[in-house]
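**Q** Predicted model follows, preceded by the sequence.
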Amino acid sequence: MDYGKRGRKVNSRRRLFLRLIGVFVLTVFLCLMISTERFVAFGGVPDEASLARIQASPHFDRTKNEFVNTEATGLMKVSGWESGKHWMFGDEQRVPPCTLPVVSGGLPKDPPASGLRVTWLGHSTTLVEIDGARVLTDPNWSERSSPSRWVGPKRFHPPPIAIADLPPIDAVVISHEHFDHLDMSTIRALAARGTAFHVALGVGAHLLAWGVPRDRVFEHDWWERATIAPGVTVVSTPARHFNGRGIPWRLGALWTSWAIEGPGHRVYFSGDTGLEQAFREIAEREGPFDVVMLEIGQFHEDWGDIHLGPKGALAGTKMLGATRLLPIHWGTFNLAYHAWDDPIETVTRDASPNDVTVLTPRLGQPIEPTTDPKTDAWWKTACP
């Protein structure tokens, strides 16, 4: 066999494959740019005041001109080629075989008897009712996790409640600028209701570009806090992730997690993060937490530094000093290589040996974590 010819054939196929991928990406990008309205979804750039705060942040490396994590962090542990092959040719059932059911009867009108109620609305979107205040986390009501209406990961289920049917919201907290966590259409709809937005440092530029009034946008560096209602505060806490919103040469924003604290209850929301020692400091400074909402899905072993996955979420729950875990960041979009239900299967299977109670409410089902937790394995029978 002529191994030289064989090698040339393999390299030729590889080049052809990469060229096809390049043409596809370029086509999508040009389609997005044709629509000025959709191009706005990529957001804005920090103004002079925000840029000064960014450059003064202890988490910003001026030599690299970017934010950095507190621990050495890699975005990918294998080559992009190997990861791309898995993405293109993996045989996992990444999308459920049916539209996932939601609880759509509306939210309770009475305040929670315990003082704390959480409703998971899909992906990383939750409504937290805590000691008289209402906080919405990383809201996304759009059909796709994308700047486009035509391409990009599509929802597995409809939103359990319409934005118009939400009760008054005291604060929206945004963890970072990725499209599945920061959605332009959703932000604009919430802004029309007069909502206040608490965001990671640098994210405010996007909201201002979308017409949100400046006096409703509050940017936070890690450990900064703000009062959102009598006795209730939100605190920006460290996370281990990265930024980017489709324009690689533009300055990226900070990423953060959030502690939501009232006089009687405390909740932790991870946004996107990998496991890090900062969890212990968060527990010491802002705990104890009645429930932690940690990402379990849209992960891969190759991305272990920047996403928790189910095993990382269980370890993170213990590091945060908590015993109740509400899994988020799964069951809505296909953004990774695993089967759609693998994260929830793994985290519920491994919870007991880790002394963690995993709360598994249905999409749109309000629960009171301290008195009425839900642990129904609804996903097993969701698709007949």
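**A** Looks like it came in fine. Numbers count the residues shown, from 1 in each chain.

**Q** can you pull the contacts of the residue nearest to Pro97 when sequence neighbours are not counted?
**A** In space, and not counting its chain neighbours, Pro97 is closest to Cys383: 4.9 Å by C-beta to C-beta, 6 or more residues apart in numbering. C-betas here are computed from N, CA, C, even on glycine. Applying C-beta atoms under 8 Å, 6 or more residues apart in numbering, one finds that Cys383 lies in contact with Pro96, Pro97, Cys98, Leu100.

**Q** Recalculate using a threshold of 6 Å.
**A** Pro96, Pro97, Cys98 (C-beta atoms under 6 Å, 6 or more residues apart in numbering).

**Q** State the number of residues packed around the first one.
**A** Put plainly, it is Pro96. Neighbour count of Pro96, defined by other C-beta atoms under 10 Å: 17.

**Q** for it, helix, strand, or coil?
**A** coil (DSSP: H, G, I helix; E, B strand; the rest coil).

**Q** Could you pull up phi and psi at the residue lying closest to it once chain neighbours are set aside?
**A** Leaving aside its chain neighbours, Pro96 sits nearest to Trp340 (5.1 Å; criterion: C-beta to C-beta, 6+ apart). The phi/psi pair for Trp340 (degrees, to the nearest 10) reads phi -60, psi -30.

**Q** what's the answer for Ala171, then?
**A** The phi/psi pair for Ala171 (degrees, to the nearest 10) is phi -160, psi 140.

**Q** I'd like the numbering to begin with 26 instead of 1 from here.
**A** All right, first residue 26 from here; so that's Ala196.

**Q** neighbours around the residue nearest to Trp247 when sequence neighbours are not counted, how many?
**A** Spatial nearest neighbour of Trp247, excluding adjacent residues (C-beta to C-beta, 6+ apart): Pro263 at 5.0 Å. Residues lying near Pro263 (other C-beta under 10 Å) number 22.

**Q** Show the pLDDT at Pro263.
**A** With respect to pLDDT, Pro263 scores 98.

**Q** Same question for Lys34.
**A** Value listed for Lys34 in the pLDDT field: 43.

**Q** In this structure Asn94 contacts Ala264, no?
**A** No. With contact defined as C-beta atoms under 6 Å, Asn94 does not reach Ala264; the gap is 8.3 Å.

**Q** Same drill for those two, tell me which one is more crowded.
**A** Ala264 (27 against 19).

**Q** Please tell me how far the residue nearest to Pro122 sits from His223.
**A** According to C-beta to C-beta, to the nearest Å, Cys408 and His223 sit 37 Å apart.

**Q** for the stretch 26-175 of the chain, what spans make up the strands?
**A** Applying DSSP state E, counting those that start in this stretch to the stretch 26-175 of the chain gives strands spanning 85-86, 91-92, 141-147, 150-155, 158-162.

**Q** can you tell me the average pLDDT over the third one?
**A** Strand 141-147 carries an average pLDDT of 98.
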